[in-house]
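Asker: Sequence and predicted structure are below.
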Amino acid sequence: MLTDPTTTESGALPDAGLHRGRLAISWASPAFRLALLGAVVLGLAAAYLFTDVPGSLGYALRIRSLTVAAMIVVATAVGVSTVVFHTITQNRILTPSIMGFDAFYVLISTLIVFSSGSAAFLAFDQLTLWLVQVVVMVAFSVLLFTWLFGGKRRSIHLMLLVGIVLGTFFRSFAEWMQRMLDPLDFQVLTDAMFASLTRPDETLLALTAGLVVLGCAAVVPLLRVLDVLTLGEPAAVGLGVDHKRVVMTLFVGVSVMIAASTALVGPILFFGLIVANLAYSWAGSFRHVWTLPTAVLLGMVCLLGGQLVLERVLGYGGTLSTVIDFAGGLFFLYLVLRKGAR
């Protein structure tokens with residue numbers, strides 16, 4: 001029996017299955033997932049900007065647009081730096097905060113309140129305070145990276161160990177000074193230690209955005225190199241990567257972005273851990289050209305969605321950083337237990 005060469009035995013067109021396969025692949029592709037995530041971010045941003053406006057729409061848009069801009073800057077800085085840090089260290093549980101950035105921020109603020117009092121801290125010029133915090137944190141991290149990663153016998157693991165020890169020392173020293181503060185000074189300091197994304201200073205926001213752009217400019221040309229670094233140092237060196245130079249460049253970029261964003265809004269301890277690990281699952285690809293923007297957009301979803309719930313549902317009943325730290329702590333325990341069970 002002769003059969004039509006354009007059909008199968010079941011009578012279906014052979015191209016139909018191929019077409020369905022291509023359609024399934026396109027729906028599961030990293031590009032589609034990234035576009036879907038972008039649409040969610042745009043929807044959340046529109047909901048935050050234009051819903052439940054108490055007074056003048058123009059004034060509300062001006063204030064809320066600053067908050068959205070701060071979220072974009074923080075999500076970009078934390079998302080990009082955490083994914084890059086994971087690639088360098090070959091560990092998806094560690095974050096840049098493990099190097100003591102958050103502890104250093106708290107220590108600097110505590111030193112000012114301890115030495116000058118809460119009145120002087122509140123009257124301190126915000127631009128000067130931001131510059132001091134950024135310069136000190138970046139200088140500390142660069143010196144640490146250069147000292148611990150510059151020698152032949154140095155390693156990333158030693159650098160992480162020293163970073164953990166120094167971060168613990170900074171926190172302990174800050175807590176020792178906080179115990180000797182009077183209640184009013186301690187209350188002012190406690191308020192300063194909670195991250196705040198609402199109504200940021202426009203000048204500081206612009207400066208932070210500029211530093212984040214510079215940090216991203218150092219990372220973007222190395223996207224393909226980052227893909228190679230996921231194979232490990234021996235494989236990367238064997239494929240011709242100047243591992244020491246690339247890692248130092250990436251560490252400096254990570255340091256600048258984290259220091260600038262932390263000085264702008266305050267510490268958010270587990271935020272990077274959440275968005276980076278969710279990005280690995282959602283992107284559907286190991287390539288950094290997909291995981292980096294996915295981490296940024298997921299950060300925007302977390303920040304915008306969390307702020308919408310806190311403002312419109314809970315009526316400002318809490319702070320966003322507290323919710324993120326609580327959820328991030330549980331997520332951290334889940335990752336540790338899952339890793340230990342393997």
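Answerer: Yep, it's here. Numbers count the residues shown, from 1 in each chain.
Asker: Centre-most residue in the protein?
Answerer: residue 78 (1.7 Å; CA atoms, centre = their mean).
Asker: Now do the contacts for that one.
Answerer: Shown in contact with residue 78 (CB atoms under 8 Å, 6 or more residues apart in numbering): 257, 258, 261, 268, 271, 272, 275, 299. In this view, the C-beta of every residue, glycine as well, is placed from N, C-alpha and C.
Asker: buried stuff in stretch 319-333?
Answerer: 319, 320, 321, 323, 324, 325, 328, 331, 332 (16 or more other CB atoms under 10 Å).
Asker: related to what we said a few turns ago, let me see the confidence value for the residue nearest to the centre of the chain.
Answerer: For residue 78, the model assigns a pLDDT of 92.
Asker: repeat for residue 197
Answerer: At residue 197, pLDDT is 77.
Asker: SS state for it?
Answerer: coil (DSSP: H, G, I helix; E, B strand; the rest coil).
Asker: ditto for residue 54
Answerer: Three-state call for residue 54 (three-state DSSP): coil.
Asker: Could you measure from it over to residue 314?
Answerer: Using CB to CB, to the nearest Å, residue 54 is found at 16 Å from residue 314.
Asker: rewinding a little: which one of the buried residues of stretch 319-333 is nearest residue 45?
Answerer: Closest approach between the buried residues of stretch 319-333 and residue 45, by CB to CB: residue 320, at 15.6 Å.
Asker: Which strand or helix spans residue 225?
Answerer: helix 223-229 (DSSP states H and E).
Asker: helix or strand right after that helix?
Answerer: Note on helix 223-229: by DSSP H and E, the next helix or strand toward the C-terminus is helix 233-238.
Asker: Identify the residues contacting that following helix?
Answerer: 225, 228, 229, 243.
Asker: Closest one of those residues to residue 90?
Answerer: Nearest member of the contacts of helix 233-238 to residue 90, counting by CB to CB, is residue 229, at 8.4 Å.
Asker: Show me the shaky parts of the stretch 151-300 of the chain.
Answerer: Residue ranges of the stretch 151-300 of the chain with pLDDT under 70: 151-157, 159-160, 195.
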